[in-house]
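> predicted model and sequence below, questions to follow.
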Amino acid sequence: MTRAEPARATPRRRAGSSTKGAAKREAILDAALEVFGEVGLHGASLREIAGRVGVSHQSLMHYFPTKNELLMAVLRRRDERLRRHFADAGGMSIGELIAVARDNVRMPGVIELYNMASAEATNTEHPAHAYYAEFYESIIASNVRYLQLAADRGLLRDGWTPESAARAILGMMDGLQLQWLYNRDDVHVAQSMELLVGALIAVPLDTLDEARK
């Protein structure tokens, strides 16, 4: 009769190793943001990004096997703040969109990447085309729900619908952020958005926010 071998314990992953891996992943995303912002998707190379992080090309590919996967991870991280509000009851507050525009001036690389990638992604063959198409429609749909409250209360200015107002606000944000990259002294994105919103809605945004509670 053969004696049964003792069961082998399943090796545990050390907490430190997973933490170190997460930190390295974030460092790769930071470096990728810089490189994509400088030279765009097509001009960027995984070797250049790996070099900035101080890891090997093969080590980087362990986290992101292709440049397209890395780009999508960078874009998703950039948009996390807005996406978590898309499903808010009553839609995402326009005030949150303005707050993002105000914070973006501290991260010009993010704005550069966003403008480069979104422009290139109009090509249906671009790896981020479906992502951006869905992102734009999701943010518009969420803002439309928010602005519908203003429309229902007669607070939306004549001639505007929730959808046309939502598209105008987002269009101004995107357009002004592009202009800001050329002239950072005279272009004030958040302040201009606030002026537009004031011309669209008859009450301050704080009042509208209180009304949806």
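In hand now; what should we look at? Numbering: from 1, shown residues only.
> next, count neighbours for residue 208.
For residue 208, the neighbour count with other C-beta atoms under 10 Å is 22. Heads up, the C-betas are built off the backbone N, CA and C, glycines and all.
> who's in contact with it?
Counting by C-beta atoms under 8 Å, 6 or more residues apart in numbering, residue 208 touches 146, 149-150, 155, 201.
> just flag the most distant two among those residues.
146 and 155 (11.9 Å; C-beta to C-beta).
> who has more neighbours, those two?
residue 146 (25 against 16).
> tell me who's in contact with the spatially closest residue to residue 40 that is not a sequence neighbour.
Nearest non-adjacent residue to residue 40, counting by C-beta to C-beta, 6 or more residues apart in numbering: residue 116, 4.7 Å away. With contacts defined as C-beta under 8 Å, 6+ apart, residue 116 is in contact with 36-37, 40-41.
> most neighbours, which of those?
residue 36 (25 neighbours).
> that one: what secondary structure?
Following DSSP: H, G, I helix; E, B strand; the rest coil, we place residue 36 in the helix state.
> the lowest-mean-pLDDT helix or strand in the chain: what's the following helix or strand?
The weakest-scoring helix or strand in the chain, judged by mean pLDDT, DSSP states H and E, is helix 15-43 (a mean of 80). Downstream of helix 15-43, the next assigned helix or strand under DSSP states H and E is helix 46-53.
> give the buried residues for the next helix or strand after that next one.
On the C-terminal side of helix 46-53, the closest following helix or strand by DSSP H and E is helix 57-63. Residues of helix 57-63 classed as buried by neighbour count (16 or more other C-beta atoms under 10 Å): 60-61, 63.
> mind listing residues that contact helix 57-63?
Applying C-beta under 8 Å, 6+ apart, the external contacts of helix 57-63 come out as 21, 24-25, 28, 46-47, 49-50, 53.
> okay, the residues you listed in TSV with distance to residue 174 and neighbour count next?
Shown next, in TSV, are the contacts of helix 57-63 (distance: C-beta to C-beta, whole Å; neighbours: other C-beta atoms under 10 Å):
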residue	distance to residue 174	neighbour count
21	35	13
24	32	17
25	28	16
28	27	24
46	28	19
47	32	11
49	26	24
50	31	19
53	30	17
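> from those, which two are the most distant?
Top of the distance list for those (C-beta to C-beta): 21 and 47, 20.6 Å.
> if we can go back for a sec, from the contacts of residue 116, pick the one nearest residue 77.
For the contacts of residue 116, the closest approach to residue 77 (C-beta to C-beta) belongs to residue 36, at 12.0 Å.
> quick one: contacts for the closest one?
Residue 36 touches 44, 71, 74, 113, 116-117, counting by C-beta under 8 Å, 6+ apart.
> now do residue 20
Taking C-beta under 8 Å, 6+ apart as the definition, residue 20 has no contacts.
> distance-wise, check it relative to residue 63.
Residue 20 sits at a distance of 12 Å from residue 63 (criterion: C-beta to C-beta, to the nearest Å).
> still on that earlier bit, quick one: the least confident helix or strand of the chain to chain centroid distance?
From the chain centre to the centre of helix 15-43 is a distance of 15 Å (C-alpha atoms, centre = their mean, to the nearest Å).
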